[in-house]
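> Sequence and predicted structure below; questions after.
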Amino acid sequence: MVRNRISDENQRALRLSIGEYERKCRYLAMDRKNQAGIKVI
């Protein structure tokens, strides 16, 4: 029972960190596109 609760918390933490990582990647991709657009102009 205790083990299950710990794994649930770990999964929740993992999901949160993965969400943050995806957000960062999306932000970096947008940033790169913006920089490319600025260079083209």
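Received it, and whenever you're ready, just let me know what you need.
> State the distance from the most centrally placed residue in the chain to Arg3.
With distances taken as C-alpha atoms, centre = their mean, the residue of the chain nearest its centroid is Tyr21 (1.9 Å). Distance, Tyr21 to Arg3, using C-beta to C-beta, to the nearest Å: 26 Å. Any C-beta I mention is one placed from the backbone N, CA and C, and that applies to glycine too.
> Could you do Leu16 as well?
In terms of C-beta to C-beta, Leu16 sits 21 Å off from Arg3.
> Of these two, which one has the most company?
Higher neighbour count among Leu16 and Arg3: Leu16, with 10 against 7, using other C-beta atoms under 10 Å.
> where does this structure have low pLDDT?
For the chain, the stretches flagged by pLDDT under 70 are 1-2, 36-41.
> can you give me the helices for it?
2-40 (DSSP state H).
> and stretch 13-28, how far out from the chain's middle?
1 Å (C-alpha atoms, centre = their mean, to the nearest Å).
> Hmm, I typed the wrong one, I wanted stretch 4-24.
On C-alpha atoms, centre = their mean, the centre of stretch 4-24 falls 10 Å from the chain's centre.
> residues making contact with it?
Where contact means C-beta atoms under 8 Å, 6 or more residues apart in numbering, no residue beyond stretch 4-24 reaches it.
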